[in-house]
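1. Okay, here's the prediction I keep looking at, along with the sequence it came from:
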Amino acid sequence: MAHAVIERFQELEEAFAEIAGRGGRLQARFCAAAALDCDLATDTLIHRTERELEVLDAGLSRWRTPAPQMRLVYATALTTAGRDAGLFLNTKDTLKETRRQRGGRHLQDGGACAALVLVASGGSPSHSGMFFDILASISAPWWRRVPQPEEACAAALAASGETPESAGSLLSRTRVLMDAAGVPGRHIDKAVYDVALSEPDPDIYARSWTALNVAARSKKGLVRHSGFDGLAILAAQVEDGSEAADALIAATEAVKEMRPRVSSLASGRLALRLAGSMCGSRTPGGAARDLSAIYAMQAAVIVATTASAAAVVAAS
């Protein structure tokens, strides 16, 4: 019998597929992933998501971010977090204006993901200045920079009332915690921002990381799909690493059985999302802090669009 979380995911996937339209199965799957922890009835969730999507489409041209392929996922994340698209659009514009006034680096995707996390975590446009202050304090040197995780982490911390000093301290403690648990340095760089948001207990984290590693080495293909950085993030979201390992194996098998098939790029992140929910974890700050689903969706859409364009060129 399928786990209740997988059954819930399948129910949500079918509901979102109906409004995503033809060719929208990918969007539907990541909408379902973003809404897994939502307590709303499916009909209510869909209705409210459609309402927020209309606001996004009305406030954004076709060429502004989030792109049309991503807007349903953003609308779902906002609905799940109990926030509205109007506030998101206002926050996104404020981030753009703040960056213009202050200078500094450009935000990924026009600041769309940062605005989503800021709003879904309870923030508002008034947090834009603190967001940039925190981002400056936690960003890695340019040669080790991971822009989207840095920006999303800064947004979540700004919304929760952190300061540049406390945010920097949190990231430093998290790096020490991950290193002590045995996470390789190159994977710490990729996962530290997501792990920091969960603020795991060091002992529990070390045990969870070890258990997930044992499972990953015994189950062929698990690391290839989920990645060691994905395992590091999952370890921070659970209290029982052995349970999480069993859940990840079951989730990976469930994703493999999905039709149409999930791309290899997205399948590992989707399995990690399912496994976390199967273990009862609720990512702090709402759906938008489960960054893996949003990132995997963005990457998969880019790959799908590129492949489609290549096919058109080849046929012409």
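-> The structure has been received and is ready for your questions. Just so we're clear, the structure is a prediction, and the values are computed from it rather than from any experiment. Numbers count the residues shown, from 1 in each chain.

2. Let's see the distance spanning stretch 231-244 from one end to the other.
-> End-to-end distance for stretch 231-244: 10 Å, by C-alpha to C-alpha, to the nearest Å.

3. any idea which helix or strand comes after the helix or strand hosting residue 203?
-> Secondary structure from DSSP states H and E places residue 203 in helix 202-218. Next along the chain after helix 202-218, taking DSSP H and E as the criterion, comes helix 222-237.

4. the inter-axis angle of the helix or strand just after that following helix versus helix 222-237?
-> Of the helices and strands lying after helix 222-237 in sequence (DSSP H and E), the nearest is helix 241-257. Put simply, helix 241-257 runs at 130 degrees to helix 222-237, going by axes from the mean of the first three to the mean of the last three C-alpha atoms, to 10 degrees.

5. ok, and what's touching helix 241-257?
-> Contacts to helix 241-257, defined as C-beta atoms under 8 Å, 6 or more residues apart in numbering, come from residues 2-3, 6, 207-212, 214-216, 219, 221-222, 225-226, 234-235, 238, 262, 267-268, 270-272, 274-276, 278-279. C-beta: built from backbone N, CA, C; applies to glycine.

6. Quick check on the residues you listed: which are buried?
-> 3, 6, 207-212, 215-216, 222, 225-226, 234-235, 238, 262, 267-268, 270-272, 274-276, 278-279 (16 or more other C-beta atoms under 10 Å).

7. what secondary structure does residue 64 sit in?
-> coil (DSSP: H, G, I helix; E, B strand; the rest coil).

8. What does it show for phi and psi?
-> phi -90, psi 150 (degrees, to the nearest 10).

9. neighbours around it, how many?
-> Residue 64: 14 surrounding residues under other C-beta atoms under 10 Å.

10. in terms of contact, does it touch residue 96 like I think?
-> No - with contact defined as C-beta atoms under 8 Å, residue 64 does not count as touching residue 96 (10.5 Å).

11. Which neighbours do these two have in common?
-> Shared contacts of residue 64 and residue 96, defined by C-beta under 8 Å, 6+ apart, comprise residue 110.
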